[in-house]
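1. Here is a sequence together with a model predicted from it:
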Amino acid sequence: MQPVKEKIKGIKYELSFEIPASDFEEKLNAQLAEFAKTHEEKGFRKGHVPMDVIKSKYEGHFIGDVINSMINETLVSYCEEKKVSPATSPDVKVDSFVRNEPLKFSAEFEIIPEIKDIDFSKITVEKKVAKATDKEIDEAIKNIANSRHTFEEITEDRKTKKGDVVDINFVGSVDGVEFEGGKADNYPLELGSGAFIPGFEDQLVGKSKGDDVDVNVEFPKDYGHEKLAGKKALFKVKINAIKEKKVPAIDDKFAVELKRKDLADLKSYVKELLEQNYETSSKNLMKDEVLDKLADEKVEVPESLVNQEVEFMFAQFKQMNREPMDEKAEAKKKDELKKQAVSRVKLGLILADIGKKEQVKIEQNEVQQAIMQEAMKYPSQAQQIFEYYTKNPQATEGIKAGIFEDKVLGIVLSKVKTKEKEVSASELTKVQK
């Protein structure tokens, strides 16, 4: 059906339609007839209620549905004929509805803009290449050794120092009164770890096994327990034992424990791992650069999508910052977010267009693998994470969006020109931050 009024300005459409009264009555009667097939009414058999009874009692219930259905069908048909897709749901207004007269309605919407093919061969991005140095390899192996440390109780008579683990009994009190959670026996505490209240561990440095130590501290003002926040406390501490950190020697034996042939093989393996990480960091920087260049493409961005993105970003901001805001402050913040929202929407449209043209598809096993990787970041909560994605389709859609973007950017990177620049690992990390 052709509109009686059609105003098109760029991607903005303003349309007016008239649906013949006969078409409306035909659709309404068809709906009532379908309803009558299974309807039961007192005094009549199921499916045999006279149509005049059906109309008199139930016609009003169907009119709104028929109006909405015909408006939707008309707009869908129009968009299919014009080969356009509304960016968001059309803003529809019923201008006139009188029985036995044409149904008149108007609709305003923006369409997804047509995006011209991008000549990727004209885009050049820098590929930062970093090689692992001997110092970085040695440092990485040293960190591995440190992670495999053990603690051995010392037998010689010496004072405690930072890095030691002390086995302690302690009882805490405020104004001479013991408080809940302030008492423990045989508690292992690494001195210098910062696990306890500021100043607590420092007062146990330079002590001996068997010492009784009075530790005086002050709870931080923002301490989690309101009754203790900002209060001065005394801890009566008994040092039962002192344990010293033992880091394994970095040699062939250590390498064999890590399933490598010898130390040289371990160094070669660590070098490979480091450079794989550098390669990943470099690719991420290249993707960021590609996104910046794509954001410069000229695309008319639907304002309706921008407004949606602003609201989404503002909701995220409010979730992270729970301080109350008045209307003026909210409006100012939304205005600040608008530029970023425009960029996000534009990139989303461009990437979606590239993905469509390149026939990018997401397989179910890719989604499962991505969820698995997310769960493995938090092993103790893996089951809860799996259940979260199972029960929240929106979260799964977020995973799919990430996979889609990564695939599209991978295709783009394979088509753009790259120029290599050798950098140090520290430079690569600094730029990525």
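-> The structure has been received and is ready for your questions. Numbering: from 1, shown residues only.
2. In contact with residue 25, which residues?
-> residue 100 (C-beta atoms under 8 Å, 6 or more residues apart in numbering). (Each C-beta comes from the backbone N, C-alpha and C, glycine too.)
3. hang on, I meant residue 262
-> 252, 255, 256 are the contacts of residue 262 under C-beta under 8 Å, 6+ apart.
4. among those residues, which ones are buried?
-> When the contacts of residue 262 are checked for burial by 16 or more other C-beta atoms under 10 Å, the buried set is residue 255.
5. in the stretch 201-350 of the chain, which spans are helices?
-> 252-257, 263-294, 303-320, 327-357 (DSSP state H, counting those that start in this stretch).
6. Surely residue 6 touches residue 15?
-> Yes: at 5.7 Å, residue 6 and residue 15 qualify as touching, with contact defined as C-beta atoms under 8 Å.
7. Just give me the neighbour total for residue 298.
-> Residue 298 has 7 neighbouring residues, counting by other C-beta atoms under 10 Å.
8. Sorry, slip of the keys, the one I care about is residue 44.
-> There are 12 residues near residue 44, going by other C-beta under 10 Å.
9. what pairs with it across the strands?
-> residue 41 (DSSP bridges).
10. Quick check: which element contains the residue nearest to residue 3 when sequence neighbours are not counted?
-> Leaving aside its sequence neighbours, residue 3 sits nearest to residue 15 (C-beta to C-beta, 6 or more residues apart in numbering; 4.4 Å). Element membership of residue 15, judged by DSSP states H and E, is strand 12-19.
11. What residues sit buried inside that strand?
-> 13, 15, 17, 18, 19.
12. which one of those residues is nearest residue 65?
-> residue 19 (14.5 Å; C-beta to C-beta).
13. Quick check: next helix or strand after the helix or strand containing residue 37?
-> Applying DSSP H and E as the criterion places residue 37 in helix 21-38. Next in sequence after helix 21-38, counting helices and strands by DSSP H and E, comes helix 51-82.
14. Report the inter-axis angle for the strand holding residue 15 versus helix 303-320.
-> Strand 12-19 and helix 303-320 are oriented at 110 degrees to each other (axes from the mean of the first three to the mean of the last three C-alpha atoms, to 10 degrees).
15. now residue 89, nearest residue through space, not along the chain?
-> Using C-beta to C-beta, 6+ apart, the closest residue to residue 89 is residue 109 (7.6 Å).
16. right, I mislabeled it, should have said residue 263
-> Per C-beta to C-beta, 6+ apart, closest to residue 263 is residue 255, 4.7 Å.
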